[in-house]
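Quick check, what structure comes out for this input:
(chains A, B, C and D)
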2 protein chains.
Amino acid sequence: MASDSLTSREKILDAAEALFARRGYAGVGLREVAESVGLVKSSLFHHFRSKAQLYCEVIARVLDRIRLGLAPVLDSDVGPVERLDRGVEALIDALAEHPPTARLLLRSLVEEDDFDSAPEALRVEEALGEILDGMGRLLREGVEAGVFREVSVPHMVQTLIGATVYHFASGDLGERLLGRPVLCAEEVRRRKRELQDLLHSGLVVNFPPRVRSEA
Amino acid sequence: MASDSLTSREKILDAAEALFARRGYAGVGLREVAESVGLVKSSLFHHFRSKAQLYCEVIARVLDRIRLGLAPVLDSDVGPVERLDRGVEALIDALAEHPPTARLLLRSLVEEDDFDSAPEALRVEEALGEILDGMGRLLREGVEAGVFREVSVPHMVQTLIGATVYHFASGDLGERLLGRPVLCAEEVRRRKRELQDLLHSGLVVNFPPRVRSEA
DNA sequence: GTCTATACTACGATAGAC
DNA sequence: GTCTATCGTAGTATAGAC
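So this is what the prediction gives:
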């Protein structure tokens, strides 16, 4: 098993990620986290000072994954439309890679508890800021170059978050609408295409109708 | 005070709605709900059998408000584009009317606790089903009439939910992006316009460029 | 690094006086 | 319809043995 090569710390973070994604910060007890990795509750305090710190580290790790997937695309030297397409693909790949990701992220965006006191919250702020700035920069450049419509950049960032993070966090509701799990391979591909098509006709000025090459 | 004319039951529902919106089901204690309306914890059990029932009634009330705002629009006899525009307006008005609405709704969509055992959960299912069916029907009719692009209807429903419910639930993050509260009057108007414009160019086939008549 | 044991607080829910 | 009092459980966190 791959999990045998993980440190206790990493196993705890994985377990906590799955649980926080499913039931939120307040809905998860440390006892449950501990027992799902074969420890007792108090052993967690050897690895993390408090529940709040554990939570912050889980969120920071998720945001880092997104940031690492997105950064090379957003920093690449291709035109805005190509970068937009690849950005959507990279973001969706990062969200779909592990099932808890989108749910955890959506919860953390909506949660308003102030974990700001914890020093680990700085890592969260930093990663989030970088992701949002990158998305905003891409949109602003496209608008200024006349390649994108004159949309409100912050509103379009919100729309992109909703169309990706919310979608893959929607669980049962999404499955009910689509008729199968939002995270199954076909529906992930479909989501990319639907969103890219929406952006091509709804954001890009005079985008040439796309000829599909896939099966 | 208007609150003097409310029954205890209604006051409790209002208080619980605000609290559940902010901290979620597990994050709110009945003690806090009770004391925010000037009661002690055990008095709540005279009005609601359990915490789960209280929560279901709160969610059902919110969904009913949305449904009542949306139904007349979706059932009206105008064309798909006009219905889409008015639907977006009605949905956003319902979400923006009371600050907790969108947050509570987003949380309930992402929450996966099974309250299905409670009989009150039926009201929730019914209202949610009616809202989703209405949105789906509008989109399907538009596509079949050739007025909308051939999008995936379920994916577009998801996009609409993300663009509205997520947006107005985004709280601090939304405010950080927009530079002011997502629920302030100007940003609510702006959201309607941005989303309608996105849909006009991104969903409607050959939509004529719109001449704005507003201030 | 993990364990047992424990301190203290809060939770949801019930019983019964008024 | 609201109160006080209480039950049983579970929460976060700490102390100290191994």
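
show me where chain A has helices.
Listed from the start of the chain, chain A has helices (DSSP state H) covering A:8-27, A:30-35, A:51-74, A:80-97, A:100-110, A:121-144, A:153-161, A:167-169, A:171-178, A:185-202.

Indicate which one of those is closest to DNA strand C.
helix A:8-27 (4.0 Å; C-beta to the nearest atom of the strand). For glycine as for every other residue, the C-beta is placed from the backbone atoms N, C-alpha and C.

Just the C-alphas of that closest one, formatted as CSV.
Taking C-alpha atoms only, helix A:8-27 is exported to CSV below (Å, rounded to 0.1, in the frame of the first residue of the first chain):
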residue,chain,number,x,y,z
SER,A,8,1.9,9.8,10.5
ARG,A,9,1.6,13.5,9.9
GLU,A,10,0.6,13.0,6.2
LYS,A,11,-1.8,10.2,7.1
ILE,A,12,-3.5,12.5,9.6
LEU,A,13,-3.7,15.3,7.0
ASP,A,14,-5.2,13.0,4.4
ALA,A,15,-7.8,11.7,6.9
ALA,A,16,-8.7,15.2,8.1
GLU,A,17,-9.0,16.5,4.6
ALA,A,18,-11.6,13.9,3.7
LEU,A,19,-13.5,14.4,6.9
PHE,A,20,-13.5,18.2,6.9
ALA,A,21,-14.6,18.1,3.3
ARG,A,22,-17.6,15.9,4.2
ARG,A,23,-18.8,17.5,7.4
GLY,A,24,-17.0,20.9,7.8
TYR,A,25,-14.8,22.1,10.6
ALA,A,26,-17.3,22.0,13.4
GLY,A,27,-18.8,18.8,12.3
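
and it with DNA strand D, contact?
No - contact of helix A:8-27 with DNA strand D is not found when judged by C-beta under 7 Å from any atom of the strand; the minimum separation is 8.1 Å.

How about that helix, which residues are buried there?
Residues of helix A:8-27 classed as buried under the neighbour-count rule (16 or more other C-beta atoms under 10 Å in any protein chain shown) are A:11-27.

What about residue A:159, how many residues nearby?
Counted with other C-beta atoms under 10 Å in any protein chain shown, the burial measure for residue A:159 works out to 27 neighbours.

any idea how far residue B:191 is from the residue nearest to it when sequence neighbours are not counted?
Counting by C-beta to C-beta, 6 or more residues apart in numbering or on different chains, residue B:163 is the residue found nearest to residue A:159 once chain neighbours are left out, at 5.1 Å. The spacing between residue B:163 and residue B:191, counted by C-beta to C-beta, to the nearest Å, is 8 Å.

Then residue A:137?
Using C-beta to C-beta, one gets 22 Å for the distance from residue A:137 to residue B:191.

quick one: which of those two has more around it?
Between residue A:137 and residue B:191, counted using other C-beta under 10 Å, the more crowded position is residue B:191 (26 against 14).

Many thanks, we can stop here.
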